[in-house]
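>>> Sharing a sequence plus its predicted fold:
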Protein chains: 2
Amino acid sequence: MDSVNTASARLLRLLSLLQTPREWPGTELAERLEVSPRTVRRDVDRLRDLGYPVQATMGTTGGYRLVAGKAMPPLLLDDEEVVAIAVGLRTAASHPVDGIEEASVRALAKLEQVLPPRLRHRVNALGAATVSMFNGGEPNVDPEILVVLAGATTVQERLRFAYEAADGTSTRRLVEPCRLVASGRRWYLLAYDNDRDDWRVFRVDRISDPHPTGVRVPSRVPPDEDAAAFVTRKLYSSAPTYEVVATLHLPAGEVARRLGVPPDALQPINEHTCRLHGPGDTLEWLAARLLMLGCELEVHEPPELRTYLNELGTRAARAAGGERSVSG
Amino acid sequence: MDSVNTASARLLRLLSLLQTPREWPGTELAERLEVSPRTVRRDVDRLRDLGYPVQATMGTTGGYRLVAGKAMPPLLLDDEEVVAIAVGLRTAASHPVDGIEEASVRALAKLEQVLPPRLRHRVNALGAATVSMFNGGEPNVDPEILVVLAGATTVQERLRFAYEAADGTSTRRLVEPCRLVASGRRWYLLAYDNDRDDWRVFRVDRISDPHPTGVRVPSRVPPDEDAAAFVTRKLYSSAPTYEVVATLHLPAGEVARRLGVPPDALQPINEHTCRLHGPGDTLEWLAARLLMLGCELEVHEPPELRTYLNELGTRAARAAGGERSVSG
DNA sequence: GTGATCTAGGTCAGTTCCTGTCCTAGATCG
DNA sequence: CGATCTAGGACAGGAACTGACCTAGATCAC
């Protein structure tokens, strides 16, 4: 049957077994792999030579197990685990608030490339239902599109897509993608626009129907050393970004832990109060983050946030039935 | 140098190359792997025999690439991708709102077992700062603890930990873990308490300092067929869980898409209005989800949510400087 | 259409490497 | 102290791998 390539296939199966969080006696491994215990010992040696540290404990209750080493071994995952990882990566990519956005998308691209269709369906079904609480009216980034863009960027392949401008008009673009950058809660694509013969920054949530042309192009030198800096520079002129100043009636340490902001964004005022000073992307996001701290606070800047909080407050009061409650 | 085990190691390297989102001509693969092109073709055949579909395109621009097949190939990830996955899984495990909580934790356990120390540090540094917006006063679940519990559960290994009861008193427990269950936004451990000689349900966020004893115990038959059902039954008597009834001034389809609730939780009232009827775990969570829809709404049940919304509304208004603005 | 470039795969000989069966040594636990 | 496990050397037969050379078929650029 599948008796092909016995040695390599066995090594992979052995790796898969050893990744289970338990100890495997050599005899049991020999049974499972249908070889002699001596061969198991040799296989373990082979894995060690490959750089994967197999720890062995001696004595009656001993056995083998894979432990943390210098390099990551190939991950052998079952269906459900793969789905869990894919869903996690999708939400992480849709809500870039970390420092690993590009890596998330790369990993997602790598994973989706080899994701069996049945698992892809499950991921889609689950992903649609997830963490949609963030997009308070904001258009969300489609992970599928991100994956396509990331692929085209790493391969340096010409790309065609439809782009909806701020005024609602839609145009078709032909670009050479350079880098995918996350800023705040949004994704941006830095690319050279072949029709306009200049560098452009595209908001990914306005890109639809991306289509790799298959044409690979030589790497064009980006306009600036740091792509992220270029995107930021290009964007601060047009996209609204808010600079928040607020007084929070909560210890600075507590706020730092809960909001995960850099330490220089917080100035302690006294033991129970501190001042927050940092950037924000959307009003909804800012308001939710601040209110869910659960403490008293005063927002000083920007005025738009104060307006929004006022509106949110009245809406919450109306939702609670401030005027008249519903009859039963 | 590392010329050990040429065939197997080469297969893994080939897999790693083919997982990159690009096309690899056979000659280039031969160069990279330092074998003849004929051997590359044979290696590709081997991979195909192992079940990993290598797609080949012919012609001048042709080449090999790994595509989606029936089974997942071993994932070969670089450092940053691993960190991204680990962070994504941690947040997913801390906020179980999907249907794949157990799989997330299993995958996380598998990954953390072999995570090199330097990567572990990066994951810790990033994970601490992430998505802390959710825990509006609620104690958060420590992913590390989840991983330990999951490991002990799958291995059926006795476990010792400190447990803080609702009244604040802390006791040490010795249990045989049976299953880890996610319900709402919380994690629960179903286990047989060896001291009390009975089944108990522990809230994971109240468990600290878990310690596997290394003693493996035969699988005890759980009290009920379905562990989740048992946990639910045990919990509904003590833990507060809310049943929400609300009218939302937004089309039912839009709400379903944004909230990700099951279809039977929504009844369309008219074209622009629908009624939501579903469970919720904490008031903060419910309020945030509903308010971030951005639409007008009325909450009918539970009364606690209406009280909370009222309080939130006044707090938002105060934050906006409803009475008097700050002097400049 | 023609040629270039790529995948696909058969055959064959030399050689490497793998495997199972012995064996002994050392560590650990009850 | 004995049982149980890992660790690893020696050896012989056999399986499998590799490179070289060959032809066939598909695709694309010119």
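Cool, got the structure.
>>> what secondary structure does A:W199 sit in?
Classification of A:W199 using DSSP: H, G, I helix; E, B strand; the rest coil returns strand.
>>> so how far is A:L283 from it?
Applying CB to CB, to the nearest Å, the value for A:W199 to A:L283 is 30 Å. C-beta coordinates here come from the backbone N, C-alpha and C atoms, glycine included.
>>> ok, those two, which is more surrounded?
A direct count of neighbours by other CB atoms under 10 Å in any protein chain shown for A:W199 and A:L283 places A:L283 higher, at 22 against 18.
>>> ok, that one - contacts?
When contacts are counted by CB atoms under 8 Å, 6 or more residues apart in numbering or on different chains, A:L283 touches A:242, A:304-305, A:308.
>>> Number of residues surrounding the residue of the stretch 101-250 of chain A at minimum distance from DNA strand D?
Closest residue of the stretch 101-250 of chain A to DNA strand D, CB to the nearest atom of the strand: A:V215 (7.9 Å). Neighbour count for A:V215, taken as other CB under 10 Å: 12.
>>> repeat for A:W187
26.
>>> Excluding chain neighbours, what is closest to it?
Leaving aside its chain neighbours, A:W187 sits nearest to A:V204 (3.8 Å; criterion: CB to CB, 6 or more residues apart in numbering or on different chains).
>>> A:L189 and A:D209, how far apart?
Taking CB to CB as the measure, A:L189 falls 14 Å from A:D209.
>>> in what helix or strand does A:V123 lie?
Using DSSP states H and E, A:V123 sits in helix A:117-129.
>>> Just the C-alpha atoms of the helix or strand hosting A:S104, please, in PDB.
Under the criterion of DSSP H and E, A:S104 resides in helix A:101-113. Extracted C-alpha coordinates of helix A:101-113, given in PDB (Å, rounded to 0.1, in the frame of the first residue of the first chain):
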ATOM      1  CA  GLU A 101       1.400  41.700  11.500                       C
ATOM      2  CA  GLU A 102       3.500  40.900   8.500                       C
ATOM      3  CA  ALA A 103       4.600  37.600  10.000                       C
ATOM      4  CA  SER A 104       1.000  36.800  10.700                       C
ATOM      5  CA  VAL A 105       0.100  37.300   7.100                       C
ATOM      6  CA  ARG A 106       3.100  35.400   5.900                       C
ATOM      7  CA  ALA A 107       2.300  32.400   8.100                       C
ATOM      8  CA  LEU A 108      -1.300  32.700   6.900                       C
ATOM      9  CA  ALA A 109      -0.300  32.700   3.300                       C
ATOM     10  CA  LYS A 110       1.900  29.600   3.800                       C
ATOM     11  CA  LEU A 111      -0.900  27.800   5.600                       C
ATOM     12  CA  GLU A 112      -3.700  28.700   3.200                       C
ATOM     13  CA  GLN A 113      -1.600  27.600   0.300                       C
END
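>>> wait, does it contact chain B?
Yes. Applying CB under 8 Å from any CB of the partner chain, one finds helix A:101-113 touching chain B at A:102-104, A:106-107, A:109-111, A:113.
>>> Which of the residues you listed ranks first by neighbour count?
Once you tally neighbours by other CB under 10 Å, A:S104 ends up highest among the residues of helix A:101-113 next to chain B, having 30 neighbours.
>>> Correct me if wrong: that one contacts B:G88.
Yes. Between A:S104 and B:G88 a contact is recorded at 6.6 Å, counting by CB atoms under 8 Å.
>>> shared neighbours, these two?
A:89, A:92.
>>> per-residue confidence at the closest residue to A:E298 other than its chain neighbours?
Of all residues not flanking A:E298 in the chain, A:T247 sits nearest, at 4.7 Å (CB to CB, 6+ apart). In this model, A:T247 is scored at 86, pLDDT.
>>> Please give me every residue in contact with A:T247.
A:269, A:273-276, A:297-298, A:300.
>>> any idea how far A:Y163 is from it?
The gap separating A:T247 from A:Y163 is 41 Å, by CB to CB.
>>> returning to that earlier point: what about the residue nearest to A:E298, which SS state?
At A:T247, secondary structure determined by three-state DSSP is strand.
>>> biggest strand in chain A by residues?
Looking across chain A with DSSP state E, the single longest strand is strand A:170-183.
>>> helix or strand right after that strand?
Next along the chain after strand A:170-183, taking DSSP H and E as the criterion, comes strand A:186-193.
>>> now, which of the contacts of A:T247 sits nearest A:V83?
Taking CB to CB as the measure, A:V83 lies nearest A:L276 of the contacts of A:T247, at 37.8 Å.
>>> how deep is that closest one tucked in, by neighbour count?
Neighbour count of A:L276, defined by other CB under 10 Å: 24.
>>> ditto for A:T60
Neighbours of A:T60 using other CB under 10 Å come to 5.
>>> So it versus A:L17, what's the distance?
Between A:T60 and A:L17 the computed distance is 21 Å (CB to CB).
>>> for A:I269, same thing?
From A:I269 across to A:L17, the span is 57 Å (CB to CB).
>>> Please say which of the two ends up with more neighbours.
Higher neighbour count among A:I269 and A:L17: A:L17, with 18 against 13, using other CB under 10 Å.
>>> which residue packs closest to that one, ignoring adjacent ones?
Per CB to CB, 6+ apart, closest to A:L17 is A:W24, 6.0 Å.
>>> Tell me how many other residues surround that neighbour.
22.
>>> which ones are touching it?
Contact partners of A:W24, counting by CB under 8 Å, 6+ apart, are A:17-18, A:63-65.
>>> And the pLDDT for it?
Confidence at A:W24, expressed as pLDDT, is 89.
>>> Show the backbone phi and psi for it.
The phi/psi pair for A:W24 (degrees, to the nearest 10) reads phi -120, psi 110.
>>> Any figure for the gap between it and DNA strand D?
Separation of A:W24 from DNA strand D (CB to the nearest atom of the strand, to the nearest Å): 7 Å.
>>> and the two most separated of the contacts of A:L283?
Pairwise distances across these peak at 10.1 Å for A:Y242 and A:Y308 (criterion: CB to CB).
>>> what ranges do the helices span in chain A?
Under the criterion DSSP state H, chain A contains helices at A:6-18, A:26-33, A:37-49, A:79-94, A:101-113, A:117-129, A:143-155, A:227-236, A:252-259, A:283-291, A:303-319.
>>> Out of those, point me to the one whose mean pLDDT is lowest.
Mean pLDDT is lowest for helix A:227-236 among these, at a mean of 60.
>>> what about the residue in the stretch 101-250 of chain A that DNA strand C sits nearest to, neighbour count?
DNA strand C sits closest to A:R216 of the stretch 101-250 of chain A, with a gap of 12.5 Å, by CB to the nearest atom of the strand. Other residues within reach of A:R216, judged by other CB under 10 Å, total 16.
>>> residue contacts, it?
A:R216 neighbours (CB under 8 Å, 6+ apart): A:155-158.
>>> Tell me the pLDDT of it.
Reported pLDDT for A:R216: 72.
>>> what does A:S327 give?
A:S327 carries a pLDDT value of 39.
>>> same deal with A:G99?
With respect to pLDDT, A:G99 scores 67.
>>> Same question for A:V54.
91.
>>> Tell me how far it lies from B:T247.
Distance of A:V54 to B:T247, given as CB to CB: 60 Å.
>>> ok, now A:H121?
According to CB to CB, A:H121 and B:T247 sit 33 Å apart.
>>> Next: A:Q55.
Distance of A:Q55 to B:T247, given as CB to CB: 59 Å.
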